[in-house]
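Q: Please work out how this folds:
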Amino acid sequence: MKNRSKRVIYPGTFDPITNGHLDIIKRAADLFDEIVVAVAQSSEKGPMFSHKQRLVMAEAACKEIENVHVEGFSNLLVEFCRQRDAKIIIRGLRAVSDFEYELQMGYANASLAPEIETVYLMPSLENAFISSSVVRAILKHDASCAHLLPPAVDRIIQESIRCI
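A: Sure, this is the predicted structure:
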């Protein structure tokens, strides 16, 4: 058996990072040596939070997990993986509706970089329904979504709302 370090990339927009994302990060942290939570700039998606805010929230959510660090990126995911010498991409699957999109992305990445594998992880049942889009919809209606977010992320969002 090969004894080599496994650095993996968990990419996403993380707009904002949720308990569902954190669930996947913790599962990956138990399986792999090093997790890079890669926050995509994704300006074409029109995120609610700036890239810098999303990086701060991801760092706050992950700070207690020893083998996890956060980085931003704006280039092609497979290029980011190559730059970080990572051969595995982690993706979360919540429902069948995620599967088709994730399968297409996995095949597209494999066509560009056949040396990079995509590993799919499911969140726990209690977090399976949580998505950033659900959180954003709740926030737009000024309702609490604290139960869907890591406490540090909820605090950051509440502070930013008070400053508006």
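Q: So in that sheet, which strands flank whichever strand or helix holds Ile9, and in what orientation?
A: Assessed by DSSP states H and E, Ile9 sits inside strand 7-12. Within its sheet, and counting by DSSP bridges, strand 7-12 is paired with strand 34-40 (parallel), strand 88-92 (parallel).
Q: Flag every buried residue along whichever helix or strand comes after the longest one.
A: The first helix or strand that comes after strand 34-40 along the chain, using DSSP H and E, is helix 51-62. Applying a neighbour-count criterion of 16 or more other CB atoms under 10 Å, the buried positions in helix 51-62 are His51, Gln53, Arg54, Leu55, Val56, Met57, Ala58, Glu59, Ala60, Ala61, Cys62. Where you see a C-beta, it was placed from the backbone N, CA and C, and this is true even at glycine.
Q: Surely the third one and Lys45 touch.
A: No - using CB atoms under 8 Å, Arg54 makes no contact with Lys45, being 11.2 Å away.
Q: where do the helices sit along this protein?
A: Assigned by DSSP state H, the helices in the chain fall at 19-31, 51-62, 77-83, 96-112, 132-140, 151-162.
Q: So for Pro11, which of the ones you listed sits nearest?
A: Closest of the helices of the chain to Pro11 is helix 77-83, at 5.4 Å (criterion: CB to CB).
Q: elements contacting the closest one?
A: strand 7-12, strand 34-40, helix 96-112 (3 or more CB pairs under 8 Å, 6 or more residues apart in numbering; DSSP states H and E).
Q: what number of residues lie near Phe80?
A: Counted with other CB atoms under 10 Å, residues neighbouring Phe80 total 20.
Q: Then the one 4 residues further on?
A: Around Arg84 sit 16 other residues, with neighbours defined as other CB under 10 Å.
Q: give me every residue that touches it.
A: Neighbouring residues of Arg84 by CB atoms under 8 Å, 6 or more residues apart in numbering: Arg7, Ile9, Val36, Glu71.
Q: is it true that the last one touches Val36?
A: Yes - between Glu71 and Val36 there is a contact at 5.7 Å, judged by CB under 8 Å.
Q: neighbour count winner among the two?
A: Val36 (20 against 16).
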